[in-house]
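> With the input below, show me the fold.
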Amino acid sequence: MGSVYQQLEEVDISGNVFTSKIPLGPEGLLHGTLDNGLRYFVRQCSKPKARAALALAVKVGSLVEEEHERGVAHILEHLAFNATENYNNHDIVTFLESIGASFGACQNAYTSADETVYTLMVPTTDLKLLDQSMQVLGEFAGRIRCAREDLQKERGAVLEEWRMNQDSQGRFAHAHWKLLLKGSRYENRLPIGLETVIRNVSAQTIADFYHRWYKSHRMAVVVVGDFPDAAAVADMIKQHLETAFDGAAAAAGPEVPKVTFDNWQHSEPRYCVFADREAPDSCLYLSWKMPSRPTATPAQYLEVMKDGLFMSCLNNRLYRLSRARDPPFFSASMSDESACGSFDMFVLGAVCEEKKTLRALEAVLTEIARVRLYGFSQREFNNAVKGLQADIESTYIEADQGYCTDIRDEYVRHFLGEEFVSGQQYEARLNKTLLPLITVDDINKRAARLTHQHSAVYKTVEHKKWSGESAMRAVVLRVAAAEQQQQIGPWEEPEMPDSVMKQIPQVPDEWYTSCGLHPPDHALTPPTAAAAAAAVAAAASGDSFTTSVGSPRTPKRS
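Now for the predicted structure:
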């Protein structure tokens, strides 16, 4: 544990603070809501110099489409760069090109099932250009032109994108989407839409969709960059976005369809053997769906931290299995993902030898069952905690190293999914405060959610179908039976010394004094040779610092 981590001041989470929303930050952030309901976030960031990252986030995607509109939300995204009330014939693209910004519907906009987000990266050397870029966001928000001639120009580009989506990766994504979301409205709402709709949809249908769903209260503008006056940027947003909507666009509009827990949960696992001759590897994908997890409060964030430590411990075991003499897979790891606005999921992916996907399936399911039976050891948990502590320290140290695009995307996620954004220093302090509240028993309980009865989806991918779904089902049931009968033994943890040195050499206090350094507090921790070496390097370079004790660790970010 580094000295910076030890000195971090903890956050007060007593009383109602623990279940209250984490305040937006850091200091200097300007945020608010316009009279028409549109939200805005403005923050200064000097990386890179003389650039600002802008975003218009809209809480509308392909989920709201009716059957005859499938693909319209994505087409509308393309039309935004074609023409608006004040820009004709790709004038927006010409403007972006003239200021050296990236441009194009595929480069700085995306449409998902739940949202549409437009992004710009513009220079700030001339604030007039930033002001005009804000005007462009206002055009996207309330003035996209949906004329017949505009649509005809974009059909070809959207159709080409649809064709590109028919390759092996696209076919896999489509099959995976339908398998995960079967029975819910999401199942038939892939953003790319249907070829027949792309070819035949009318401009009026797109215009109706635009005016029905693009409402100011569903939008937010985020501006993060290297500009001298954040208040002046906020005034630009007010000037261009308050006037971007007529009375109808500012009205409430219809409600976005709700996809509830009952729409996607299932107690019986779903199986799929995906065979495609273009598949480059033999892979295994296991998914367990769960309700979406906002991180708006310390209590909610604590649960996500527990999930992270669980995955860290499990991934360490999977890594050790992949390094065995005859491993069941080449690599395997678990992560958590947001599948859509309604649910998240744990996803375990593995790459294995051809024709060995069933063996890999049995190995990973057995390991998860082993955790349910015996849990992780205190030593495994402590190692995961040390890794997280190192990440927390790096987060704090690198608080001023964030790029404007990354920070912009954080505020977009905050608007769309209640992810807290408080600044890296506060986040590091909050992590340090919450970490001692987690025990090894807390993370061991996480494995109970990863059974075949908890909305599980099991899928193999190979270039040829070597086994069927019935064989996969047999493996799942065999592991479940072995767990029930406790035929799975405990994890055999390799013997590892606490230190590579039998006796840690002591460094005399006089040595620190002779180097112009303060001796460490021996009551807290004994000085080591590593600390002495670090002190020597500092003395040689003329740096002055407080030595930290322990093995050096390369800074990293999660």
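
> quick one: contacts for Thr460?
Applying C-beta atoms under 8 Å, 6 or more residues apart in numbering, we find Thr460 in contact with 272-274, 282-285, 357-358, 361, 467, 472. (Glycine included, C-beta is placed from N, CA and C.)

> now do Met164
Met164 sits next to Gly170 when contact means C-beta under 8 Å, 6+ apart.

> that older thread, tell me which of the contacts of Thr460 fall in helices.
Counted as lying in helices by DSSP state H, out of the contacts of Thr460, are 357-358, 361, 472.

> Just the buried ones among these, please.
357-358, 361, 472 (16 or more other C-beta atoms under 10 Å).

> Farthest-apart pair in those residues, please.
Using C-beta to C-beta, these span at most 8.4 Å, a distance reached by Thr357 and Met472.

> For Leu29, state which of the buried ones among the ones in helices among the contacts of Thr460 is nearest.
Of all those, Leu29 sits closest to Leu361, with 46.9 Å by C-beta to C-beta.

> Which helix or strand contains the closest residue in space to the closest one that isn't next to it in sequence?
Once flanking residues are discounted, Leu361 sits nearest to Val475: 5.2 Å by C-beta to C-beta, 6 or more residues apart in numbering. If you go by DSSP states H and E, Val475 is part of helix 469-484.

> Could you name the helices and strands sitting against that helix?
strand 270-275, helix 357-374, strand 456-462 (3 or more C-beta pairs under 8 Å, 6 or more residues apart in numbering; DSSP states H and E).

> Check the ones you listed for me and report the most buried one.
Among the helices and strands packed on helix 469-484, ranked by average contacts under mean count of other C-beta atoms under 10 Å, first place goes to strand 456-462 (a mean of 23).

> how about the CA coordinates for that strand, as CSV?
Coordinates of the C-alpha atoms in strand 456-462 are reproduced here as CSV (Å, rounded to 0.1, in the frame of the first residue of the first chain):
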residue,chain,number,x,y,z
ALA,A,456,-28.2,-17.7,-17.6
VAL,A,457,-27.3,-17.7,-21.3
TYR,A,458,-24.6,-20.2,-22.4
LYS,A,459,-23.1,-19.9,-25.9
THR,A,460,-20.3,-21.5,-27.9
VAL,A,461,-18.7,-20.1,-31.0
GLU,A,462,-16.8,-22.2,-33.5
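
> as a whole number, average confidence for it?
Mean per-residue pLDDT for strand 456-462: 95.

> Just give the strands next to it in its sheet, each with its orientation.
Take DSSP bridges as the rule and strand 456-462 pairs in its sheet with strand 270-275 (parallel), strand 282-291 (antiparallel).

> the inter-axis angle of the shortest one versus helix 469-484?
Angle of strand 270-275 versus helix 469-484, following axes from the mean of the first three to the mean of the last three C-alpha atoms, to 10 degrees, is 130 degrees.

> what angle sits between strand 270-275 and helix 357-374?
Using the same axes, to 10 degrees: strand 270-275 against helix 357-374 is 150 degrees.

> hmm, who's touching strand 270-275?
The contact list for strand 270-275, computed with C-beta under 8 Å, 6+ apart, reads 172, 175-176, 179, 182, 456-465, 467-469, 472-473.

> What average pLDDT does that strand get?
In this model, strand 270-275 carries a mean pLDDT of 94.

> Ok, the longest one next?
The predicted model assigns strand 282-291 a mean pLDDT of 95.

> Okay, buried residues for it please.
Neighbour-count burial for strand 282-291 flags 282-290 (criterion: 16+ other C-beta under 10 Å).

> Tell me which two of those sit farthest apart.
The two members of these with the most space between them (C-beta to C-beta) are Ser282 and Met290, at 27.5 Å.

> Got the phi and psi for Ala57?
Ala57 has phi and psi values of phi -100, psi 130 when expressed as degrees, to the nearest 10.

> what ranges of the stretch 151-300 of the chain fall below the confidence cut-off?
Scanning the stretch 151-300 of the chain for pLDDT under 70 picks out 247-251.

> Enumerate every residue touching the residue lying closest to Leu190 once chain neighbours are set aside.
Distances taken as C-beta to C-beta, 6+ apart place Trp177 nearest to Leu190, at 6.0 Å, with adjacent residues excluded. Neighbouring residues of Trp177 by C-beta under 8 Å, 6+ apart: 186-187, 190.

> the inter-axis angle of the stretch of helix or strand Trp177 belongs to versus strand 270-275?
Following DSSP H and E, one finds Trp177 within helix 168-180. Interaxial angle of helix 168-180 relative to strand 270-275 (the same axes, to 10 degrees): 170 degrees.

> Export only the CA atoms of the next helix or strand after helix 168-180, formatted as PDB.
Moving toward the C-terminus from helix 168-180, the next helix or strand (DSSP H and E) is helix 195-200. Below are the C-alpha coordinates for helix 195-200, written out as PDB (Å, rounded to 0.1, in the frame of the first residue of the first chain):
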ATOM      1  CA  GLU A 195     -33.500  -3.600 -44.800                       C
ATOM      2  CA  THR A 196     -37.100  -3.100 -46.000                       C
ATOM      3  CA  VAL A 197     -37.500  -0.100 -43.700                       C
ATOM      4  CA  ILE A 198     -34.200   1.400 -44.800                       C
ATOM      5  CA  ARG A 199     -35.200   1.100 -48.400                       C
ATOM      6  CA  ASN A 200     -38.800   2.200 -48.200                       C
END
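
> tell me what helix 195-200 is packed against?
helix 148-164.

> Show me which residues of the helix it packs on are buried.
Under the neighbour-count criterion of 16+ other C-beta under 10 Å, helix 148-164 has 150-151, 154, 157-158, 162 buried.

> tell me which residues of the biggest helix by length in the chain are tucked away?
Taking DSSP H as the criterion, the chain has its longest helix at helix 298-322. Residues 298, 300-302, 305-315, 317-318, 321-322 are the ones in helix 298-322 that count as buried (16+ other C-beta under 10 Å).

> now it and helix 357-374, what's the angle there?
Relative orientation of helix 298-322 versus helix 357-374 (the same axes, to 10 degrees): 130 degrees.

> can you give me how far helix 298-322 is from the chain middle?
Going by C-alpha atoms, centre = their mean, to the nearest Å, the spacing between the C-alpha centre of helix 298-322 and its chain's C-alpha centre is 15 Å.
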